[in-house]
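Visitor: One predicted model, sequence on top.
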Amino acid sequence: MTSDAHRWETAITGPDGSDGLTVGRAAALVGVSVKTLHHWDAIGLVRPSGRTWAGYRVYSGDDVARIHRVLVYREIGFPLAEIGRILDDPGAGARDHLRRQRALLVERISRLRKMVGAVDRMLGASSMGMRLTPEEQVEIFGDDWQPAWVDEAEDRWGDSAQWAQYAERAGEMTPEDWKTVAAETGALNADFAAAKRAGVTPGSVDANALAERHRALMSRYFDCTHSMHACIGRMFAADPRFAAHYDAVVPGLAVWLRDTICANAEAHGVDPESATWR
């Protein structure tokens with residue numbers, strides 16, 4: 001196969017034997033538009049340095065090499081003005097530019113690979129999630145559990161990174177794992193109710209310990225920050241279904257739970273009123 005270098009060398013010799021490429025031939029060779037080369041000429045980024053016998057300006061081999069350096073820097077994301085300054089640096093030769101471009105390209109490849117990995121994980125997570133039949137869900141979580149809640153939660157949060165984490169982790173959990181989680185959740189809710197009946201004050205050591213137990217339980221599904229936890233606490237009191245669920249256990253438990261979670265978040269430097277999902 002003919003090498004690129006040989007192809008460029010051949011192309012730069014015109015049909016009349018003159019050295020150099022017209023703007024049209026140069027544009028076709030490097031894969032940009034004639035308009036682009038005219039613009040780069042106008043701003044002094046790449047100017048054709050040769051002349052035909054008739055006086056027309058043409059691109060030499062060095063000019064084409066400069067165009068390719070411009071294309072690499074542009075692909076990496078540098079603005080044209082900065083590319084011009086880099087290429088015109090008197091202290092940098094062609095090999096210096098190649099070394100710099102190689103390092104920048106390797107760095108970009110690394111970032112792209114990480115992005116691809118993240119997308120792959122999200123794609124994998126989207127095909128996972130809770131692997132329990134509706135019957136198993138009711139058996140494990142109780143008669144008042146509604147399997148449709150899982151689909152509803154996905155509709156609400158399915159585009160978030162936290163849902164991707166949940167789906168990935170849930171997909172690895174066995175029915176026995178879910179029974180353990182259900183038991184831990186039941187025990188924690190019982191302790192919430194007992195604390196509310198005993199008059200435990202939100203913000204106290206005991207209340208903060210309960211809030212941290214709840215945040216740790218949430219972190220089984222996704223990495224739950226104190227800011228996220230405060231959002232969850234607010235939802236417990238604001239969402240009628242959550243509020244009804246907790247208040248059926250002990251009247252006022254939903255608000256107490258919200259205040260307990262928010263007080264704990266504040267103790268960890270988060271303003272519960274302005275906390276966001278991050």
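Guide: Yep, that arrived.

Visitor: Spatially nearest residue to E136, not counting backbone neighbours?
Guide: Spatial nearest neighbour of E136, chain neighbours left out: P175 (6.0 Å); criterion: Cβ to Cβ, 6 or more residues apart in numbering. For every residue, glycine as well, the C-beta is placed using N, CA and C.

Visitor: does L87 really touch H68, like I thought?
Guide: No - using Cβ atoms under 8 Å, L87 makes no contact with H68, being 11.2 Å away.

Visitor: and V72, what does it touch?
Guide: By Cβ atoms under 8 Å, 6 or more residues apart in numbering, V72 lies in contact with 101, 105.

Visitor: run the last query once more with 7 Å
Guide: Q101 (Cβ atoms under 7 Å, 6 or more residues apart in numbering).

Visitor: With A230 instead?
Guide: By Cβ under 7 Å, 6+ apart, the contact list for A230 reads 261-262, 265, 270, 272, 275.

Visitor: Which helix or strand contains it?
Guide: helix 226-238 (DSSP states H and E).

Visitor: from the chain's centre, how far out does that helix sit?
Guide: 24 Å (Cα atoms, centre = their mean, to the nearest Å).

Visitor: for stretch 184-192, same thing?
Guide: 35 Å.

Visitor: Next: stretch 163-170.
Guide: Stretch 163-170 sits 15 Å away from the centroid of its parent chain (Cα atoms, centre = their mean).

Visitor: Render the CA-only coordinates of it in CSV, please.
Guide: The C-alpha trace of stretch 163-170 is given here as CSV (Å, rounded to 0.1, in the frame of the first residue of the first chain):
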residue,chain,number,x,y,z
TRP,A,163,-30.3,4.9,39.2
ALA,A,164,-27.5,3.3,37.1
GLN,A,165,-25.7,2.4,40.3
TYR,A,166,-28.9,1.0,41.8
ALA,A,167,-29.6,-1.1,38.7
GLU,A,168,-26.1,-2.5,38.6
ARG,A,169,-26.0,-3.4,42.3
ALA,A,170,-29.6,-4.7,42.4
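
Visitor: ranges for the helices of this structure?
Guide: With helices called from DSSP state H, the chain shows them at 4-11, 23-30, 34-42, 61-76, 80-87, 94-126, 134-141, 148-157, 161-171, 175-197, 205-218, 226-238, 240-249, 253-267.

Visitor: packing partners for the third one?
Guide: Judged by 3 or more Cβ pairs under 7 Å, 6 or more residues apart in numbering; DSSP states H and E, the packing partners of helix 34-42 are helix 23-30.
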